[in-house]
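Trainee: Sequence first, predicted coordinates after that:
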Amino acid sequence: ETGVTQSPTHLIKTRGQQVTLRCSSQSGHNTVSWYQQALGQGPQFIFQYYREEENGRGNFPPRFSGLQFPNYSSELNVNALELDDSALYLCASSTGGGAGRETQYFGPGTRLLVL
Amino acid sequence: AQSVTQLDSQVPVFEEAPVELRCNYSSSVSVYLFWYVQYPNQGLQLLLKYLSGSTLVKGINGFEAEFNKSQTSFHLRKPSVHISDTAEYFCAVSFNNAGNMLTFGGGTRLMVKP
């Protein structure tokens, strides 16, 4: 196990609602990245936070937003949920402020189902 | 734009047989390469990574991969698979000029049969 934890493990929401997913990074890691993994596909990068600032963003709309706290834990918020938001959401932590050579350590994920 | 292609969506193989999972990438800049494994209902676990130096990289659980810059490939191999290797395998790249955002391939499901 990597030491990265996520909550909740599963979540069911209805279209139009808002959701908050949480991630605790591995001890000593100051960088958190979020990925969306649709069924049968590879993960897609949503955004990354380094020392409480957004440090990079993938091709996701503004209704996907995040926070990083002083203890380096993080939240992913999704507003106005759509059916296509149903996916496994993965959090990954690392050191080095997002340098490309750094290994990312993944949590077990939160599975979100939007009805 | 950078991209990663895993050429086989599924690879069935008998136990104790060798296996190769293929990965090709496209990029105009230097890359770092990773292989992750995902067991059912779990997150991703790092198998191995290539940063620089020797093009043959050894990882956990007996896996190895070879970086081929001219063919822009990073194929994963294991000489003898076990039932417990049944899982989804993802190839990923990151780029030194883009933080450590990982770009993943679509995955290859390795199915080891007795």
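Mentor: That came through, no problem. Numbers count the residues shown, from 1 in each chain, chains lettered A, B, ... in the order given.

Trainee: Residue A:68: how many residues sit nearby?
Mentor: 22 (other C-beta atoms under 10 Å in any protein chain shown). Just so you know, the C-beta spots here come from the backbone N, C-alpha and C atoms, and that holds for glycine as well.

Trainee: I figured it hits residue A:55, correct?
Mentor: No. Residue A:68 is beyond contact range of residue A:55, at 9.3 Å (criterion: C-beta atoms under 8 Å).

Trainee: which neighbours do those two share?
Mentor: residue A:49 (C-beta atoms under 8 Å, 6 or more residues apart in numbering or on different chains).

Trainee: show me where chain A has strands.
Mentor: Along chain A, the segments classed as strands by DSSP state E run A:5-7, A:10-13, A:19-24, A:31-37, A:44-50, A:53-57, A:64-68, A:74-78, A:87-94, A:105-106, A:110-114.

Trainee: pLDDT averaged over the fourth one - what is it?
Mentor: Which is strand A:31-37. Averaged over strand A:31-37, pLDDT sits at 95.

Trainee: Give the other helices and strands that it contacts.
Mentor: strand A:44-50, strand A:74-78, strand A:87-94 (3 or more C-beta pairs under 8 Å, 6 or more residues apart in numbering or on different chains; DSSP states H and E).

Trainee: let's go with 6 Å and repeat that
Mentor: strand A:44-50, strand A:87-94 (3 or more C-beta pairs under 6 Å, 6 or more residues apart in numbering or on different chains; DSSP states H and E).

Trainee: Give the buried residues for the shortest one.
Mentor: Along strand A:44-50, the positions that meet the burial threshold by neighbour count (16 or more other C-beta atoms under 10 Å in any protein chain shown) are A:44, A:45, A:46, A:47, A:48, A:49, A:50.

Trainee: Partner strands of that strand, with direction?
Mentor: Using DSSP bridges, strand A:44-50 pairs in its sheet with strand A:31-37 (antiparallel), strand A:53-57 (antiparallel).

Trainee: now swap in the longest one and tell me
Mentor: With DSSP bridges as the test, strand A:87-94 is paired with strand A:31-37 (antiparallel), strand A:105-106 (antiparallel), strand A:110-114 (antiparallel).

Trainee: What is the most widely separated pair among the buried residues of strand A:44-50?
Mentor: A:44 and A:50 (19.5 Å; C-beta to C-beta).

Trainee: does residue B:52 sit in a helix or strand, and which one?
Mentor: Applying DSSP states H and E as the criterion places residue B:52 outside every helix and strand.

Trainee: Can you give me the neighbour number for it?
Mentor: Using other C-beta under 10 Å, residue B:52 has 9 other residues around it.

Trainee: Tell me the pLDDT of it.
Mentor: 85.

Trainee: and chain B, which of its residues are near chain A?
Mentor: Counting by C-beta under 6 Å from any C-beta of the partner chain, chain B comes close to chain A at B:32, B:42-44, B:46, B:51, B:90, B:94-96, B:99-101, B:104-107.

Trainee: What residues are recorded as beta-bridge partners of residue B:11?
Mentor: residue B:110.

Trainee: oh sorry, the question was meant for residue A:24
Mentor: residue A:5.

Trainee: count of neighbours near it?
Mentor: So residue A:24, with other C-beta under 10 Å, has 20 neighbours.

Trainee: Settle this for me: it is touching residue A:5, isn't it.
Mentor: Yes. In this structure, residue A:24 is within contact of residue A:5 by C-beta atoms under 6 Å, at 4.7 Å.

Trainee: okay, now residue A:71: neighbour count?
Mentor: Using other C-beta under 10 Å: residue A:71 sits among 8 other residues.
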